[in-house]
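*Asks:* one predicted model, sequence on top.
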Amino acid sequence: MGAQSTILIVEDEDIMRGILSQMMSDAGFRVIEASTAETALELFAAETPALTITDIELGRMNGIELLDRIKQLESEAMVIMITAYSSVETAIAALRKGAYDYITKPFINEDILQTARNALRQSDLFRENRYLRRELKQRYHFENIIGRSDALTGIFKLIEKIAGTNSSVLIQGESGSGKELIARAIHYSSPRADAPFIAINCAALPESLLESELFGYSRGAFTGAHSSKVGLFKAADGGTLFLDEVSEMPPSLQVKLLRALQEREFIPLGSTRPMTFDARIVAATNRNLDEEISNHRFREDLYYRLSVFSLTVPPLRERREDIPLLVRYFVEKHCRALNLPPKPVSDEAMQTMVNYEWRGNVRELQNAIERAVAVSDYQIEPSHLPQKVREASAITRDLTGQTLTLEELERRYIMETLNRVGDDKAPAAALLGIDLSTLYRKLKRYGNNT
């Protein structure tokens with residue numbers, strides 16, 4: 001809000017239109033004017049003003065009809081109606097159609113100025129929310145998930161197919177592998193993207209608190225419940241509810257979750273009245289649910305309700321070709337946070353990270369890069385990585401139990417990458433996280449000059 005905010009004044013009386021325009025101009029706003037609703041629509045379409053102030057009585061098309069047409073062009077448009085006392089009922093009807101407020105004639109100048117300022121603040125909030133929603137969509141779209149391995153490509157294809165449905169999704173994978181990132185990608189690639197994405201960790205709360213968080217409660221439901229609380233099932237209406245570590249949910253609460261999914265309704269604590277909800281459920285777990293079901297720790301019928309679509313996020317050690325991409329991304333991210341130019345990563349440091357098992361997956365890799373960025377001066381070397389990463393990567397074994405040196409591991413990995421891309425050196429170098437000249441130098445060292 002400020003000097004750059006544009007206000008459209010719509011008034012068929014020349015004197016009144018002039019008074020309103022002068023008042024808003026003096027207050028620092030840019031003003032455009034229209035004497036008819038038809039002209040106002042042309043101006044609105046051309047300039048999209050932050051606020052429209054219109055009289056209800058205009059002529060062939062009145063202010064209510066103008067409001068309808070403006071809302072069709074911009075659903076969040078701010079519109080203030082001006083009316084005589086005898087038409088207050090009409091103004092109230094305009095509020096129901098989406099007008100921000102109404103002012104009655106004769107009005108006090110400061111009242112209409114304050115109402116205009118409040119409407120413009122609301123308009124700023126709407127614009128900021130639209131910007132944030134757009135940023136979230138771009139940030140969490142599956143195409144922006146770092147990695148181009150075959151395993152991730154398969155997940156991307158599945159996300160494309162299931163994003164437009166309302167069916168439940170179960171995501172399985174080790175801790176730190178990116179299950180919530182996949183859940184957000186599903187949400188922000190779906191028609192529900194403008195509605196809330198709400199996440200809760202089912203392992204982080206005791207049963208009684210988890211139940212009240214999910215389903216809410218009525219006033220007086222328990223000691224300290226001085227007012228009612230809306231649960232996450234209802235708060236996520238129209239959007240997505242992400243149940244992380246759902247396998248940790250107590251058996252008694254699993255029954256209530258199953259009923260909610262079956263009936264698409266739930267009963268808040270302390271209430272007897274069911275509430276409906278329209279939230280897509282995406283659940284995640286790092287446990288083997290087949291084993292959990294066999295050991296009677298997880299309900300089989302709930303499993304089938306949650307896994308209409310099921311996908312497994314592979315651990316980082318099974319998609320090593322994604323490691324160089326992730327390394328570059330995290331280096332840039334943490335350098336930017338410290339106001340530093342991106343630091344190069346030495347070939348030895350990159351190969352050390354490619355060789356490491358990363359039992360903590362992407363989360364562990366990110367922590368290692370954050371440390372390396374902080375302690376390195378110019379270039380990230382193996383010495384800047386955690387000790388266990390350096391030691392574990394120095395010597396490893398192949399599937400036959402043969403001890404392999406770091407150099408042999410590097411040679412094998414380079415040759416596997418070249419084979420995967422049909423011996424095309426440029427994409428191979430990009431996947432390996434090295435430049436083309438470095439790749440040729442290494443191939444020459446390994447006796448491959450092609």
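*Replies:* Okay, I see it.

*Asks:* so the closest residue to Ser227 other than its chain neighbours, which state does it fall into?
*Replies:* With sequence-adjacent residues excluded and distances taken as CB to CB, 6 or more residues apart in numbering, Ser227 is closest to Arg219, at 5.3 Å. All C-beta atoms are positioned from the backbone trio N, CA, C, and that covers glycine. Three-state assignment for Arg219 (DSSP: H, G, I helix; E, B strand; the rest coil): coil.

*Asks:* now swap in Ile7 and tell me
*Replies:* Here Ile7 is recorded as strand under three-state DSSP.

*Asks:* contacts only, for it.
*Replies:* Going by CB atoms under 8 Å, 6 or more residues apart in numbering, Ile7 touches Met24, Phe29, Arg30, Val31, Ile32, Pro49, Ala50, Leu51, Thr52, Ile53, Ala116.

*Asks:* touching, the third one and Ser21? I think so.
*Replies:* No: with contacts defined as CB atoms under 8 Å, Arg30 does not count as touching Ser21, sitting 10.6 Å away.

*Asks:* so between those two, which is more surrounded?
*Replies:* More crowded of Arg30 and Ser21, by other CB atoms under 10 Å: Ser21, with 18 against 15.

*Asks:* which elements pack onto the helix or strand hosting the more buried one?
*Replies:* Applying DSSP states H and E as the criterion places Ser21 in helix 14-26. When contacts are defined as 3 or more CB pairs under 8 Å, 6 or more residues apart in numbering; DSSP states H and E, helix 14-26 packs onto strand 6-10, strand 30-34, strand 51-55, helix 109-140.

*Asks:* then the second one to CSV, C-alphas only?
*Replies:* C-alpha atoms of strand 30-34 as CSV (Å, rounded to 0.1, in the frame of the first residue of the first chain):
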residue,chain,number,x,y,z
ARG,A,30,-3.0,7.3,-8.0
VAL,A,31,-6.6,7.8,-9.2
ILE,A,32,-8.4,6.8,-12.4
GLU,A,33,-12.0,7.7,-13.0
ALA,A,34,-15.1,6.4,-14.7
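
*Asks:* same list, the helices and strands packed on helix 14-26, but as CSV with distance to Ser189 please.
*Replies:* Converted to CSV, the helices and strands packed on helix 14-26 look like this (distance: least, CB to CB, whole Å):
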stretch, distance to Ser189
strand 6-10, 34
strand 30-34, 38
strand 51-55, 34
helix 109-140, 8
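
*Asks:* just put the ones you listed in CSV and tack on distance to Glu300 and mean pLDDT.
*Replies:* Output for these, formatted as CSV (distance: least, CB to CB, whole Å; pLDDT from 0 to 100):
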stretch, distance to Glu300, mean pLDDT
strand 6-10, 60, 92
strand 30-34, 64, 91
strand 51-55, 57, 91
helix 109-140, 32, 72
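
*Asks:* which of the ones you listed sits most buried?
*Replies:* Ranked by average neighbour count under the criterion mean count of other CB atoms under 10 Å, the helices and strands packed on helix 14-26 are headed by strand 51-55 at a mean of 26.

*Asks:* got the angle for that one vs strand 30-34?
*Replies:* Angle of strand 51-55 versus strand 30-34, following axes from the mean of the first three to the mean of the last three CA atoms, to 10 degrees, is 40 degrees.

*Asks:* I would like the residues contacting strand 51-55, please.
*Replies:* With CB under 8 Å, 6+ apart as the test, strand 51-55 has contacts from 5-13, 16, 20, 24, 37, 40, 44, 63, 66-67, 70, 77-83, 112, 116, 119-120, 123.

*Asks:* that strand to helix 14-26, inter-axis angle?
*Replies:* 160 degrees.

*Asks:* strand 51-55: partners in the sheet, and parallel or antiparallel?
*Replies:* strand 6-10 (parallel), strand 78-84 (parallel) (DSSP bridges).
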